[in-house]
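>>> with the sequence up front, the predicted model follows.
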Amino acid sequence: MSFLPQTFSLPHVASIVLTLLSGVAVMFLRLRASNRPTTMRKIIIPPIGMSTGFLMFVAPVTHVPWLWAIAAFAVGAVLFAYPLIRTSKLERVGETIVLKRSKMFIFILLGLLIVRLLVHNVVEQAVSIPQTGALFFVLAFGMIVVWRIAMLQSYLKLMRRR
């Protein structure tokens, strides 16, 4: 198995470009949100909104074995969430709580995007494209849920100190 595809077709190149543009857009939005007041609602809404993506599993073409889905969730929750948790710190500024990101945050997001692109080609060789999308969605959901739970715990701790 190679990390690089044997041939670069137009749909494959378009997929890579779209993924990179989406990743840059997410990084830009995340950086703009830094140092702005946060609320419990802003912490818990993204995973709740993202959970609607599980409706994709209504389509049989996206079905994957349970063990694969659990493994994908675990990889997101353990490997990918950890650097985000370590580089996202909440702190009190006056009466508000703000998210202070490390200078490494952007590099970690970029690194996660590159790893995702490289691993995507390997996974795509073993399963169908819809199943690959489903596995990466579950991985991303595991990452987001664990990261946001850690942020929520930090937020509640700061709120109690008030």
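All right, it came through fine. As the structure is a computational prediction, the values presented were derived from the model and not from experiment.
>>> tell me which residue lies nearest the centroid of the protein.
Ala140 (4.1 Å; C-alpha atoms, centre = their mean).
>>> now the strands for the protein?
When assigned using DSSP state E, the strands of the chain occupy the ranges 37-38, 88-93, 96-101.
>>> out of those strands, which is closest to Phe57?
strand 88-93 (29.3 Å; C-beta to C-beta). The way it works is simple: take the backbone N, C-alpha and C, and place the C-beta from them, glycine included.
>>> which residues touch the closest one?
Residues outside strand 88-93 that contact it (C-beta atoms under 8 Å, 6 or more residues apart in numbering) are 37-38, 97-102, 105, 147, 150-151, 154-155, 158, 161-162.
>>> pull out the buried members of these.
Burial by neighbour count, 16 or more other C-beta atoms under 10 Å: within those this picks out 38, 97-99, 101, 105, 147, 150-151, 154-155.
>>> Leu20 reaches Leu113, doesn't it?
Yes. With contact defined as C-beta atoms under 8 Å, Leu20 counts as touching Leu113 (7.3 Å).
>>> verify the stated contact: Thr87 with Ile108.
Yes. Using C-beta under 8 Å, Thr87 is in contact with Ile108, at 5.7 Å.
>>> picking up where we left off before, the residue nearest to the centre of the chain and Leu79, how far apart?
12 Å (C-beta to C-beta, to the nearest Å).
>>> which stretches in the protein count as helices?
All helices of the chain, identified by DSSP state H, fall at 10-33, 40-50, 66-75, 81-87, 105-126, 129-161.
>>> just to revisit the earlier point, okay, the residue nearest to the centre of the chain: pLDDT?
Ala140 carries a pLDDT value of 89.
>>> spatially nearest residue to it (excluding sequence neighbours)?
Gly76 (6.1 Å; C-beta to C-beta, 6 or more residues apart in numbering).
>>> report how many residues lie close to that neighbour.
24 (other C-beta atoms under 10 Å).
>>> hang on, it packs against Phe137?
No. Gly76 is beyond contact range of Phe137, at 9.6 Å (criterion: C-beta under 8 Å).
>>> neighbour count for Leu20 and Leu113, which is higher?
Leu113 (17 against 13).
>>> where does the more buried one land on pLDDT?
The model's pLDDT for Leu113 equals 77.
>>> surely it touches Ile16?
No. Using C-beta under 8 Å, Leu113 makes no contact with Ile16, being 10.8 Å away.
>>> next, the contact list for Trp147, please.
Listed by C-beta under 8 Å, 6+ apart, the contact set of Trp147 reads 81, 84-85, 88.
>>> brilliant, that's me finished.
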